[in-house]
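[1] Sequence and predicted structure, then a few things I'm wondering about:
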Amino acid sequence: MPLPKAELHLHIEGTLEPELAFELAARNGVELPYADTDELGKAYQFEDLQSFLNLYYELMAVLRTERDFEDLANAYLARAAAQGVRHAEIFFDPQAHTKRGLELGTVVEGLWRALGGSEANHGVSTRLIMCFLRDDSAESAMATLRAAEPYLDRITGVGLDSAEVGHPPVKFREVYEAAAALGLRRVAHAGEEGPPAYITEALDVLGVERVDHGLRCVEDPALVDRLVRERVPLTLCPLSNVRLRTVDTLADHPLPAMLDAGLVCTVNSDDPAYFGGYAGDNFDAVRATLGLDRERLRELARNSFLASFLEDDEERRER
Ligand code: HPA
Ligand code: ZN
């Protein structure tokens with residue numbers, strides 16, 4: 001039995017497996033610039049975040065209809081459930097779809113067709129978090145927030161993703177203020193490729209409750225002290241860090257030292273179809289390579305529920 005866990009850092013578009021990409025391409029008459037899954041597989045060698053994002057956005061072209069988003073989410077939920085995920089807080093990138101001409105409603109309703117039945121069909125409770133693309137303008141993010149207002153019964157929070165360096169959190173101050181005024185929870189990617197100062201800014205300017213990645217906090221001892229003191233959860237993604245070369249090898253990952261320092265760490269998959277594994281695979285990898293013992297793994301799983309946006313009574317039910 002895999003350890004029950006919550007997944008808090010998961011981009012639904014990053015769960016698009018090569019086989020499903022080709023299936024959806026055929027269904028929608030979309031031509032992919034790869035002959036087959038083998039050839040596509042060769043494109044999964046990344047130098048950094050941007051080289052991954054290029055492929056991630058390219059393959060999204062196959063997602064066109066509500067049914068596509070439903071199938072994508074159901075495929076993820078089935079895989080996650082098999083690896084012990086009982087609760088998933090799922091990111092999606094509305095602008096990556098609306099800029100291709102899709103309606104926001106197609107994306108949200110399609111995802112909801114899977115998420116609405118997830119507890120019954122997969123035994124996984126879910127939340128949906130809408131991310132703004134930080135390399136797009138703040139005006140575009142604000143327009144996206146406004147366009148999402150009819151769907152806010154289905155959206156729990158906002159996040160910030162895509163190319164980090166050069167796009168500091170402060171760029172989205174007004175958008176996050178507006179999101180807070182709408183009662184949305186707030187998270188943001190910070191300190192993946194960007195400097196520790198972006199983590200501080202995400203906390204102080206955007207008012208985030210969790211930091212996605214947050215890995216580079218280890219470069220700033222005063223920031224680590226603060227994150228420990230304020231018990232700010234970090235949603236770490238070890239296999240992603242290896243594939244995007246944020247760490248040299250998994251053996252070099254600072255997760256054990258971060259836990260020893262008292263940071264509230266969680267382990268997540270980020271974009272599992274691209275980075276070589278789902279949530280349970282990430283747990284297995286850190287156990288095998290970093291030598292985390294059973295107590296540490298249980299701490300990671302416990303942290304994942306505590307850091308989730310489940311309400312207290314729901315949280316007890318999940319565990
Ligand atoms: N970082 C930033 N943006 C992203 C990621 C990531 O790991 N995955 C999908 N969008
Ligand atoms: Zn991410």
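    Thanks, I have it. Ligands and ions are numbered 1, 2, ... in the order given.
[2] so where do the strands sit in the protein?
    In the chain, the segments counted as strands under DSSP state E are 5-11, 85-92, 125-133, 157-161, 185-190, 210-213, 233-236, 264-267.
[3] Arg100: which of those strands is closest?
    Taking Cβ to Cβ, strand 125-133 is the member of the strands of the chain nearest to Arg100, at 12.6 Å. No exception for glycine: its C-beta is placed from N, CA and C like everyone else's.
[4] just the residues of the stretch 151-300 of the chain that are near ligand 1, which are they?
    By Cβ under 6 Å from any ligand atom, the residues of the stretch 151-300 of the chain that approach ligand 1 are 161-162, 189, 192, 240, 270-271.
[5] same deal with the stretch 1-150 of the chain?
    Checking the stretch 1-150 of the chain against ligand 1 by Cβ under 6 Å from any ligand atom, the hits are 11, 14, 49, 56.
[6] From what I see, the third one and Glu192 are in contact.
    This means Leu49. Yes. Using Cβ atoms under 8 Å, Leu49 makes contact with Glu192 at a distance of 6.7 Å.
[7] okay, and the common contacts of these two?
    Shared contacts of Leu49 and Glu192 (Cβ atoms under 8 Å, 6 or more residues apart in numbering): 164, 244.
[8] hmm, back to that, of the residues of the stretch 1-150 of the chain next to ligand 1, which is the most crowded?
    Of all those, the highest neighbour tally under other Cβ atoms under 10 Å goes to His11, namely 25 neighbours.
[9] Between the residues of the stretch 151-300 of the chain next to ligand 1, which sits nearest Phe22?
    Closest to Phe22 out of those is Asp271 (18.0 Å), distances taken as Cβ to Cβ.
[10] show me what contacts that closest one?
    Applying Cβ under 8 Å, 6+ apart to Asp271 gives the contacts 11, 13-15, 52, 56, 240.
[11] Take the residues you listed and keep only those in helices.
    Taking DSSP state H as the definition of helices, the contacts of Asp271 contribute 52, 56, 240.
[12] export those residues to CSV and tack on pLDDT?
    CSV is the format used below for those (pLDDT from 0 to 100):
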residue, pLDDT
Phe52, 98
Tyr56, 98
Ser240, 98
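[13] Would you tell me which helix is longest in this structure?
    The chain, longest helix under DSSP H: helix 66-82.
[14] Compute the inter-axis angle for that one and strand 125-133.
    Relative orientation of helix 66-82 versus strand 125-133 (axes from the mean of the first three to the mean of the last three Cα atoms, to 10 degrees): 120 degrees.
[15] Tabulate the CA atom coordinates of helix 66-82 in CSV.
    Once non-C-alpha atoms are left out, helix 66-82 reads as follows in CSV (Å, rounded to 0.1, in the frame of the first residue of the first chain):
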residue,chain,number,x,y,z
GLU,A,66,-14.0,19.7,-23.0
ARG,A,67,-13.6,16.0,-23.5
ASP,A,68,-9.8,16.4,-24.0
PHE,A,69,-9.5,18.2,-20.7
GLU,A,70,-11.7,15.6,-19.0
ASP,A,71,-9.6,12.7,-20.5
LEU,A,72,-6.4,14.4,-19.4
ALA,A,73,-7.6,14.9,-15.9
ASN,A,74,-9.0,11.4,-15.5
ALA,A,75,-5.8,9.9,-16.8
TYR,A,76,-3.9,11.9,-14.1
LEU,A,77,-6.3,11.0,-11.3
ALA,A,78,-6.1,7.3,-12.1
ARG,A,79,-2.3,7.3,-12.0
ALA,A,80,-2.2,9.5,-8.9
ALA,A,81,-4.7,7.3,-7.0
ALA,A,82,-2.6,4.2,-7.8
